[in-house]
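Trainee: This is a predicted model, with the sequence first.
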Amino acid sequence: MFEGARPGAPRAVSVAAAEPSSEARDLARQLPQGVRLGTSSWHFPGWRGIVWADTVAPGDLSRQGLAAYSQYPLFSSVGIDRSFYAPLSPRQYAAYAEQVPERFRFVVKAPSLITSQWLPGEGAFRGSSNPQFLDSIYAIEQFVEPVRVGLGAKAGTLLFQFPPLGRTLTRSPERFIAQLQEFLGRLPQGPQYAVEVRDDRVITRRFFASLKEVGVRYCVGVHPRMPPVAAQAAAMSGFGSGPLLVRWNLKSGYTYEEARSRFTPFDQLIDEDSATRDSIAQLCMATIAAGHECTIIANNKAEGSAPLTLVKLAQAIVTAARHRAQAG
């Protein structure tokens, strides 16, 4: 054990960054200002040769891989998905923030206890009503304040991702929309909040109007349960301009388990989705043209490898920017 280490403390591991490809370097230089790209978490040994120089265990990457991750030319953001499963402390967030440069921004998912109607787990409590659902006091104490204190200026969007709501709410989405607006209106001003849903019946004019009233953005979630990106963009038409968050989560036709099984170890593109890629690029450029920042987070389960998905997406954004410049 090294000097000063606490008994049971994680051992110090050096995570080296891979030498980025010349293509990634060139694309990073050409990306329009205001575009942020990143992946949904970062603890994947299969990215060896793309992001990591060597094979490193997932736990070591999770704790100490962000310094190497942030050296990849295209990455200026990352999703913290771990916080969805249990609240994190300011100290845990600070440990992430210390590893990345000042320009870097985190997209942080709220704990599922805030966004799920039902208690998780097995046994007698499974399916029981969740008292923390849309509880603003719990959200502030267990999510907003720890993020603010721990990440500081490196906190990007604070994301409330709602799982499928069930027929009780989707049969009458106005009830959920009213609850959501009241909840969001009680959160402290300052952080940029966003909402992502898994029920297309919810994304109505009233839904977008309610978000606009409380200054909260809509996250375009690419997921089989949701309409295509272009359809979500059309639904947002009256929402008004502002920062854009896109999360490219899961390839259509797959469950998460099926995608994980087929795409592991996440070191190559297996099932590309050029239509979604082009739609995201166009939406991103429209956001940049309106003077707002665009953040895109990609999951390994979108096409097979999140870093390689973002290389292809960067190509599409650069091409779209070039065409827009020529047309204008």
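Mentor: All right, it came through fine. Numbers count the residues shown, from 1 in each chain.
Trainee: Now do the helix ranked longest in the chain, average pLDDT.
Mentor: Secondary structure assigned by DSSP state H gives helix 306-327 as the longest helix of the chain. What helix 306-327 shows for mean pLDDT is 94.
Trainee: Restricting to C-alpha, output that helix in CSV.
Mentor: Output in CSV follows, covering the C-alpha atoms of helix 306-327 (Å, rounded to 0.1, in the frame of the first residue of the first chain):
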residue,chain,number,x,y,z
ALA,A,306,-20.0,5.9,-28.6
PRO,A,307,-16.6,7.5,-29.5
LEU,A,308,-16.9,6.3,-33.1
THR,A,309,-20.5,7.4,-33.3
LEU,A,310,-19.3,10.9,-32.3
VAL,A,311,-16.6,10.9,-35.0
LYS,A,312,-19.2,10.2,-37.6
LEU,A,313,-21.5,12.8,-36.1
ALA,A,314,-18.8,15.4,-36.1
GLN,A,315,-18.3,14.7,-39.8
ALA,A,316,-22.0,15.3,-40.4
ILE,A,317,-22.0,18.5,-38.4
VAL,A,318,-18.9,19.9,-40.2
THR,A,319,-20.5,19.0,-43.5
ALA,A,320,-23.8,20.7,-42.5
ALA,A,321,-21.9,23.8,-41.3
ARG,A,322,-20.1,24.0,-44.7
HIS,A,323,-23.3,23.7,-46.6
ARG,A,324,-25.0,26.3,-44.5
ALA,A,325,-22.0,28.7,-45.0
GLN,A,326,-22.1,28.2,-48.8
ALA,A,327,-25.9,28.7,-48.9
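Trainee: Which strands and helices lie in contact with it?
Mentor: helix 22-30, strand 35-40, helix 274-289, strand 294-298, helix 300-303 (3 or more C-beta pairs under 8 Å, 6 or more residues apart in numbering; DSSP states H and E). Every C-beta, even on glycine, is put in place using the N, C-alpha and C of the backbone.
Trainee: Count the neighbours of the nearest residue to residue 49 once chain neighbours are set aside for me.
Mentor: Nearest residue to residue 49, sequence neighbours excluded (C-beta to C-beta, 6 or more residues apart in numbering): residue 18, at 5.6 Å. A count of nearby residues for residue 18, using other C-beta atoms under 10 Å, gives 17.
Trainee: Any buried residues in stretch 313-328, and which?
Mentor: Buried residues in stretch 313-328, counted by 16 or more other C-beta atoms under 10 Å: 313-318, 320-321.
Trainee: And the contacts of that stretch?
Mentor: 24, 27-28, 30-32, 35, 37, 74, 248, 277-278, 280-282, 284-285, 288-289, 296, 298 (C-beta atoms under 8 Å, 6 or more residues apart in numbering).
Trainee: Using ChimeraX, make a named selection holding only the buried ones among those.
Mentor: Selection of buried members from the contacts of stretch 313-328 for ChimeraX, criterion 16+ other C-beta under 10 Å:
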select :24,27,28,31,32,35,37,74,248,277,278,280,281,282,284,285,288,296,298
